[in-house]
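Participant: Only the shape, not the letters, is given here:
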């Protein structure tokens with residue numbers, strides 16, 4: 001039970017309590033104290049014993065709870081805005097529907113705590129312990145949970161979008177219907193988890209398998225043998241996505257409408273969002289508009305470029321990111337316009353040439369110099385290391401500079417008659433994340449190829465009715481193989 005002397009001091013007000021507590025070398029005993037509805041904002045309870053305390057509807061704004069014990073405390077309806085809860089124990093506490101946004105909860109213990117529908121977005125939960133914690137419906141978006149232990153926690157229908165779970169433990173957790181857009185799960189420890197709603201049957205994962213399956217969204221790219229107009233495509237996908245997703249995106253790349261195209265072949269394939277890029281875009285920022293147009297053409301043709309304008313995350317150390325990208329990239333595309341080499345481009349070229357020299361005994365980095373349409377006498381002002389490479393010249397019509405650039409990046413020469421329209425589909429948005437994560441990629445590729453082949457009309461164009469049927473067949477086939 002709480003010390004009567006400590007309770008007496010507590011009710012003398014914040015200033016007297018904080019002064020008295022600071023001058024005495026002991027831990028306050030307020031265990032099982034009834035402090036409901038009281039204004040305790042700004043109090044110093046560091047290291048205090050508040051085990052089993054009744055704190056419903058209590059104002060705990062900016063309280064210092066560092067290293068204190070609030071195990072089995074009832075905190076429902078309390079205000080913990082700005083409270084310092086580092087290394088605090090909330091084991092077995094009731095904390096449902098609290099607003100803990102931006103709170104410092106580093107190292108805190110939430111074993112068996114109830115945090116149903118609690119808002120923990122943007123909070124610092126590094127090295128926290130959430131074993132058996134009930135986090136159903138909790139908002140953990142953009143929270144830092146790196147090096148945390150969520151073993152056997154209930155995360156069903158929680159929001160983990162943009163949450164950092166690097167080096168965390170998730171084994172035995174319940175993860176049905178979680179939101180996980182852009183979450184970070186590098187080196188996560190998860191040998192099994194409950195992925196179904198009733199959380200009865202465990203799904204087991206080999207080492208690294210959970211990270212590979214759940215780390216990023218899987219995308220399917222289906223090349224169409226003949227172009228289709230945007231209205232026809234929308235009739236296929238938009239209604240379906242609307243019904244299944246609160247948020248969705250649909251990327252349509254429509255081009256080469258009037259070109260005679262080759263017969264349909266097996267070319268359904270996958271591109272994952274795992275930072276796998278085909279080429280690094282090195283350019284002078286004064287040429288950005290023209291370079292972006294070329295980059296978009298590359299994307300239409302299933303070539304994945306890294307361009308800082310699109311792919312550099314705000315807040316990241318750009319030199320570190322670009323340095324790492326260059327180290328792992330198979331090719332670099334260097335653009336030159338009328339302004340010559342820009343200051344940042346010069347730094348990038350230094351890194352590129354340095355990387356090329358380091359790979360001298362390995363498979364070298366391919367460098368493709370490109371002259372933009374506004375380039376003039378540019379070859380006289382380029383680094384000597386680049387003069388030995390074959391150029392792509394967008395000032396010329398023949399050979400087609402885009403075809404030449406794609407050839408240089410992919411090492412595959414593109415025949416004009418094989419140009420195609422690419423339709424990009426996020427499979428998780430179509431059939432749900434849980435289902436998508438249970439499917440072998442090769443199965444989906446084969447399914448889509450077979451279904452499209454079966455439903456082709458004589459003109460190699462899928463009609464609206466046939467496309468609606470395509471969805472039903474995809475779902476039917478997928479359900480059969482799981």
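Facilitator: Thanks, I have it. Since we're looking at a predicted model, the values are computed, not measured.
Participant: neighbours of residue 397, just the number please.
Facilitator: Counted with other C-beta atoms under 10 Å, the neighbours of residue 397 add up to 8. For the C-beta atoms, the positions are set from N, CA and C on the backbone; glycine is no exception.
Participant: Kindly report the same for residue 76.
Facilitator: The number of residues near residue 76, taken as other C-beta under 10 Å, comes to 18.
Participant: Give me the three-state assignment for the nearest residue to it once chain neighbours are set aside.
Facilitator: Counting by C-beta to C-beta, 6 or more residues apart in numbering, the nearest residue to residue 76 once its immediate chain neighbours are dropped is residue 56, at 5.0 Å. At residue 56 the chain is in coil, as set by DSSP: H, G, I helix; E, B strand; the rest coil.
Participant: does residue 56 really touch residue 74, like I thought?
Facilitator: Yes - at 5.6 Å, residue 56 counts as touching residue 74 under the criterion of C-beta atoms under 8 Å.
Participant: returning to that earlier point: need phi/psi at the residue nearest to residue 76.
Facilitator: Main-chain dihedrals, residue 56, degrees, to the nearest 10: phi -60, psi 140.
Participant: what ranges do the strands span in the stretch 101-250 of the chain?
Facilitator: For the stretch 101-250 of the chain, the strands defined by DSSP state E, counting those that start in this stretch cover 173-174, 192-194, 203-204, 218-224.
Participant: same question for the third one, mean pLDDT?
Facilitator: The predicted model assigns strand 203-204 a mean pLDDT of 90.
Participant: Tell me who's in contact with the spatially most central residue of the chain.
Facilitator: The centre of the chain sits closest to residue 182, judged by C-alpha atoms, centre = their mean, with a distance of 1.3 Å. Contact analysis of residue 182 by C-beta atoms under 8 Å, 6 or more residues apart in numbering lists 161, 162.
Participant: for residue 316, same thing?
Facilitator: For residue 316, no contacting residues are found, by C-beta under 8 Å, 6+ apart.
Participant: Give me the pLDDT for it.
Facilitator: As predicted, residue 316 sits at a pLDDT of 86.
Participant: So for residue 376, what's the pLDDT?
Facilitator: Confidence at residue 376, expressed as pLDDT, is 70.
Participant: now residue 440
Facilitator: On the pLDDT scale, residue 440 gets 48.
Participant: again, but for residue 166
Facilitator: Looking at residue 166, its pLDDT is 93.
Participant: The residue nearest to residue 76 and residue 135, how far apart?
Facilitator: Remark: distance between residue 56 and residue 135 (C-beta to C-beta, to the nearest Å) = 20 Å.
Participant: More neighbours: which of these two?
Facilitator: residue 135 (27 against 15).
Participant: Now do the same contact list for that one.
Facilitator: Contacts of residue 135 by C-beta under 8 Å, 6+ apart are 115, 116, 118, 153, 154, 155, 158.
Participant: pLDDT of stretch 173-183, averaged?
Facilitator: On average, stretch 173-183 scores 90.
Participant: typed the wrong thing, it's stretch 284-296
Facilitator: Mean pLDDT, stretch 284-296: 91.
Participant: Contacts for it, please.
Facilitator: Counting by C-beta under 8 Å, 6+ apart, residues outside stretch 284-296 touching it are 281, 283, 305, 307, 309-310, 335-337, 339-342, 344-345, 370, 372-374, 394, 402, 405.
Participant: Repeat that for stretch 62-71.
Facilitator: For stretch 62-71, contacts defined as C-beta under 8 Å, 6+ apart pick out 40-53, 55, 80-93.
Participant: cool, and stretch 88-100?
Facilitator: 65-81, 105, 108-120, 123.
Participant: and the end-to-end length of it?
Facilitator: End-to-end distance for stretch 88-100: 14 Å, by C-alpha to C-alpha, to the nearest Å.
Participant: starting at the chain centroid, how far to that stretch?
Facilitator: For stretch 88-100, the separation from the chain centroid amounts to 27 Å (computed by C-alpha atoms, centre = their mean, to the nearest Å).
Participant: One more: stretch 298-318?
Facilitator: Distance of stretch 298-318 from its chain centroid, counting by C-alpha atoms, centre = their mean, is 15 Å.
Participant: Pull out the buried positions in it.
Facilitator: By 16 or more other C-beta atoms under 10 Å, the buried positions in stretch 298-318 come out as 298, 299, 300, 301, 302, 303, 305, 306, 307, 308, 311.
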